[in-house]
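what follows is a predicted protein model with its sequence.
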Amino acid sequence: MFAIVATLSTSAFADPAVPFDQWLTGLRQEARSQGISPDLVNRALTGLQPIPKIVQLDKVQPEFKQSFADYHSTRVNRERIEKGQRMLVQHWDELQRISQRYGVAPQYIVALWGMETNYGGFTGGYKVIDALATLAWNGRDGTSPKRAKYFRDELLTALKIIDQGHISLENMKGSWAGAMGQVQFMPSSFQKLAQDGNGDGRKDIWNNLSDAFASAANYLARNGWKDDQRWGRRVQLPAGFTTANLGQQKSLSEWRALGVKQSDGAPITAVPGMTGSIVAPDGLKGPAFLVYNNFKVIKSWNNSDKFALSVGLLADAIAAAAPSNSQ
């Protein structure tokens, strides 16, 4: 999940306009003005140093060029499917309880968990405060003030989460970009959407699976999930189908009339009032999918067709192990 970069010297930094110590002094003042406890401000923001490796990781993020076929094969492989099926069965009762509360089928919760952290196996080992401070100060060497502000706001939110008692400063760990816990929420997503799944008064998405599952389900539900619909399905495109049709929103009856068929060649079911669009991530010679509202909801989590398709396909594979019928 995380790139591996050799240890870098401080020469990885350009020279942002404000020295880090001066920037940190201003941050401490702002944190106190926002009501964050002075004790936490002192413990969290004293003696910090920017992390060169994080600056480098932020600089070298390339636009993802891997084909969907390669992306999917490395993320929705036999091992991840089989582990997801075991996790579905192992946590079935809790997943069912959360599914009924939020209206999100269990396999989608497990699939997001699997895609984000391999079912909790790779949650990130960076101290979130240190990582966010590095990114907020550096702002891609001072060239991106909007990015610097985004991470500064995330940092202040992370401090508030600690102050609220959901996690300790020492245990707040995550990715190099500050994504946290089993489901990799940024602090702002945590504040808006994290849930106390087991009713203990805390939202611990790092260690408590009830909280993590409920938080993932709430994220989807709040972004418009429709539990009576699938995410989409693989389809066959008719002869003469052109790229001009990709991304267009049409009723299922319209796609059916155009000759779009299910992957086995059967006509697609024209559900009244339901619409969808065609996605072909590797072009018209590659696999094509008819995707619905829930696909767009998954993309609100990660704005990538490849990610959303892989979540949907992984969920379909995981659902085969459900103890009872599951959408």
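Structure's in. What do you need?

my guess is His91 contacts Ala212, does it?
No: taking contacts as C-beta atoms under 8 Å, His91 lies outside contact range of Ala212: 10.4 Å. All C-beta spots, glycine's among them, are computed from the backbone N, C-alpha and C.

what's in contact with stretch 215-230?
By C-beta atoms under 8 Å, 6 or more residues apart in numbering, the residues outside stretch 215-230 that reach it are 98-99, 101-105, 108-109, 112-113, 183, 185, 189-190, 192-195, 197, 203, 205, 274, 292-294, 296-298, 300-301, 312, 327.

span of it from start to end?
20 Å (C-alpha to C-alpha, to the nearest Å).

for the stretch 1-150 of the chain, just list every one of the helices.
For the stretch 1-150 of the chain, the helices defined by DSSP state H, counting those that start in this stretch occupy 20-33, 38-45, 52-59, 68-75, 78-90, 92-102, 106-117, 128-142, 145-163.

now mean neighbour count too, for the ones you listed, in TSV please.
Shown next, in TSV, are those (neighbours: other C-beta atoms under 10 Å):
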stretch	mean neighbour count
helix 20-33	15
helix 38-45	16
helix 52-59	20
helix 68-75	16
helix 78-90	16
helix 92-102	18
helix 106-117	26
helix 128-142	23
helix 145-163	19
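
for the ones you listed, which one sits closest to Leu252?
Among the helices of the stretch 1-150 of the chain, the nearest to Leu252 by C-beta to C-beta is helix 106-117 (20.9 Å).

so how far is the closest one from its chain's centroid?
Taking C-alpha atoms, centre = their mean, to the nearest Å, one finds helix 106-117 lying 10 Å from the centre of the chain it belongs to.

what does it contact?
Contacts of helix 106-117 (C-beta under 8 Å, 6+ apart): 1, 75, 80, 83-84, 87-88, 91-92, 95-96, 98-99, 119-120, 123, 181-184, 212-213, 216-217, 220, 231, 294, 298, 301, 307, 310-312, 314-316, 318-319, 322, 326.

what's the angle between that helix and helix 68-75?
Between helix 106-117 and helix 68-75, the angle comes out at 90 degrees (axes from the mean of the first three to the mean of the last three C-alpha atoms, to 10 degrees).
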